[in-house]
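[1] dropping the sequence and predicted coords here.
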Amino acid sequence: MNTELLMIEDDVRLARMVAEYLGQSGYVLAHAPDATQGLAALQAGPPGWPALVILDLMLPDLDGLEVCRRIRALPGEAGRVPLLMLTAKGDPLDRIIGLEMGADDYLPKPFEPRELLARIRAVLRRHGDGGVAAAAPGGQPLLQFGSLVIDRDARTVTVAGQAADLTSYQFDLLVAMAERAGRVLTRDQIMEAVRGRELDAFDRSIDVHVGRIRQAIEADSKNPRRILTVRGVGYVFARQQD
């Protein structure tokens, strides 16, 4: 069964090349040449479509960061779609802002098609191939810390019964830390536990993701009580919570 993707990109020639290359690996690429058509396609598509969005940062009608924000604001599955952002020249500020707005990954232009394919596979793997299966009997036990409940099978997080909005990568980061509650983890150890794409240990993107997780699960993200910073080392997920 082919996996369907959506690419929001104004460079038609690039989109055709990407579609042809990804097609060799079983992916079907729909193309929207601007933000307006891309957002409309997302809202009109069936639940679970597409499996992933490839979003260019520079679009003719709307800034890609704003598109990212609007996608994350969509209701239901459309707002949780895995999102890979294409950034010009790998600008670190654009990359950080994109991650803060909910992008799962980024890739600077120009890029090698093989790297794009690898990034897509990594994001989909972290997201469960674009779908979440119902938890089977005998599945993994819930991780519970006070009012925080993490369901690894359903890939959901709730705080005091309210759903926490996390991207697939942020969910995996949270699980990696929660499974090691009480242990101080370096950024290298967290990344090794997640086993996604390799990030530079000094890349601020890990810190950006942790900041987003804190906003979702902490009562006060400025004074966190669940994920604590160990200055000069990394992070520790508190064993004792509310």
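    That came through, no problem.
[2] contacts only, for the most centrally placed residue in the chain.
    Geometric centre of the chain, nearest residue: Asp104, 2.6 Å, by CA atoms, centre = their mean. Asp104 makes contact with 82-84, 123, 126-127, 167-169, according to CB atoms under 8 Å, 6 or more residues apart in numbering. Every C-beta, even on glycine, is put in place using the N, C-alpha and C of the backbone.
[3] how close does it get to Arg125?
    Noted for Asp104: a distance of 11 Å to Arg125, by CB to CB, to the nearest Å.
[4] mind checking pLDDT for Gln189?
    Gln189 is assigned a pLDDT of 87 by the prediction.
[5] any idea which element it lies in?
    Counting by DSSP states H and E, the element that carries Gln189 is helix 187-194.
[6] does that helix pack against any helices or strands, and if so which?
    Applying 3 or more CB pairs under 8 Å, 6 or more residues apart in numbering; DSSP states H and E, one finds that helix 187-194 contacts helix 168-178, helix 205-217, strand 234-237.
[7] packing partners of the helix-or-strand element of the chain with minimal mean pLDDT?
    Each helix and strand of the chain was given a mean pLDDT (mean pLDDT, DSSP states H and E); the minimum falls on helix 92-100 at a mean of 72. Applying 3+ CB pairs under 8 Å, 6+ apart, one finds that helix 92-100 makes contact with helix 64-72, strand 83-88, strand 105-109, helix 205-217.
[8] show me what contacts Arg183?
    236-237.
[9] try it again at 10 Å.
    For Arg183, the contact set (CB atoms under 10 Å, 6 or more residues apart in numbering) comprises 177, 189, 234-237, 239.
[10] kindly report the same for Leu116.
    Applying CB under 10 Å, 6+ apart to Leu116 gives the contacts 18, 21-22, 54, 84, 86, 107.
[11] show me what the least confident helix or strand of the chain is in contact with.
    Against helix 92-100 from outside (CB under 10 Å, 6+ apart): 55, 57-58, 63-65, 68-69, 83-88, 91, 103-108, 167, 169-170, 203-209, 211-212, 215.
[12] just the buried residues of those.
    55, 57, 64-65, 68, 83-87, 103-108, 167, 169-170, 205-209, 211-212 (16 or more other CB atoms under 10 Å).
[13] settle this for me: Val81 is touching Pro50, isn't it.
    Yes - between Val81 and Pro50 there is a contact under CB atoms under 10 Å: 6.7 Å.
[14] re the thing from before, how much does the helix holding Gln189 deviate in direction from helix 168-178?
    For helix 187-194 against helix 168-178, the angle by axes from the mean of the first three to the mean of the last three CA atoms, to 10 degrees is 110 degrees.
[15] so how far is helix 187-194 off the chain centroid?
    Here the centre of helix 187-194 is set off from its chain's centre by 16 Å, with CA atoms, centre = their mean, to the nearest Å.
[16] and Tyr106, how far from Arg121?
    Using CB to CB, Tyr106 is found at 16 Å from Arg121.
[17] ditto for Gly26
    Per CB to CB, Gly26 is found 11 Å from Arg121.
[18] so for these two, which residues contact both of them?
    Residues within reach of Gly26 and of Arg121 at once, by CB under 10 Å, 6+ apart, are Thr3.
[19] the more surrounded of those two?
    Using other CB atoms under 10 Å as the criterion, Gly26 and Arg121 rank with Arg121 on top: 16 against 9.
[20] A helix includes that one, no?
    Yes - under DSSP: H, G, I helix; E, B strand; the rest coil, Arg121 sits within a helix.
[21] ok, it touching Ser25?
    Yes - counting by CB under 10 Å, Arg121 touches Ser25, with 8.4 Å between them.
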